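Visitor: Turn this into a model:
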Amino acid sequence: MMTDQRVKDLLARQSLAASARRKRERQAEEAAEKAAARRAVVQELWREKSKDLDEAIERLNELMAANDVKLHRRWTDNSRPAGQIERVEVGFSAHDYLRSDMRCIMFHVHGDGSVHVRMATKHRIPAKEEEFHLEDADVDRWMTSLVDFVDINTPPANM
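Guide: Okay, the predicted model is just below:
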């Protein structure tokens, strides 16, 4: 009798465990679907907002043309960590940075819509970091980051 009761108890526990596993799997599927849908929305939003970034670069270049300062959007390879939609690098030259000069600003656009910004000086990366949300990114927001980047790479006035 004791064995029969133990078997019944085991069956009940196994049934509860299987039910909990199915629930976790269903929740994981729902979360993955939600993340994929969010990622698709962010990718579409990026197509629009990347034009604002290009406009901000052009505008800043026009404003700083008298000082012969020009920013370039650099080509970046498509290798990026999972969860990242795009990585954009902007620097003072159109070419990849030289080992002796790392001055660039990198915008990492993630699937959740966050934009991580890393700014580098000639010898220090990151010299400054910030984060904002892609939905908040208009020309002025991109300009703010770009001006910060130029600012940390401009020598003090007393030099």
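Visitor: pLDDT below threshold where in the chain?
Guide: Counting by pLDDT under 70, the chain shows low-confidence ranges at 1, 75-81, 94-101, 159.
Visitor: Where do the strands of the protein begin and end?
Guide: Secondary structure of the chain (DSSP state E): strands located at 72-74, 84-91, 104-110, 114-119, 128-133.
Visitor: highest average neighbour count across those strands?
Guide: Neighbour counts (mean count of other CB atoms under 10 Å) averaged over each of those peak at strand 104-110, with a mean of 22. No exception for glycine: its C-beta is placed from N, CA and C like everyone else's.
Visitor: quick check: longest helix of the protein.
Guide: Longest helix in the chain, counting residues (DSSP state H): helix 2-63.
Visitor: Any chance of a markdown table for the strands of the chain, columns distance to residue 37?
Guide: Shown next, in a markdown table, are those (distance: least, CB to CB, whole Å):
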| stretch | distance to residue 37 |
| --- | --- |
| strand 72-74 | 29 |
| strand 84-91 | 14 |
| strand 104-110 | 15 |
| strand 114-119 | 17 |
| strand 128-133 | 17 |
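Visitor: Compare these and give me the one nearest residue 141.
Guide: Smallest distance to residue 141 across the strands of the chain (CB to CB): 6.4 Å, for strand 128-133.
Visitor: Pairing partners for that closest one, with directions?
Guide: Paired with strand 128-133 in the same sheet, following DSSP bridges, are strand 114-119 (antiparallel).
Visitor: got the angle between the partner strand and strand 84-91?
Guide: If you take axes from the mean of the first three to the mean of the last three CA atoms, to 10 degrees, strand 114-119 sits at 30 degrees to strand 84-91.
Visitor: and strand 114-119 with strand 104-110, angle?
Guide: Using the same axes, to 10 degrees: strand 114-119 against strand 104-110 is 170 degrees.
Visitor: Check the offset of strand 114-119 from the chain's centre.
Guide: Distance of strand 114-119 from its chain centroid, counting by CA atoms, centre = their mean, to the nearest Å, is 6 Å.
Visitor: So which residues make contact with it?
Guide: Identification of contacts with strand 114-119 by CB atoms under 8 Å, 6 or more residues apart in numbering yields 104-110, 125-134, 137, 145, 148-149, 152.
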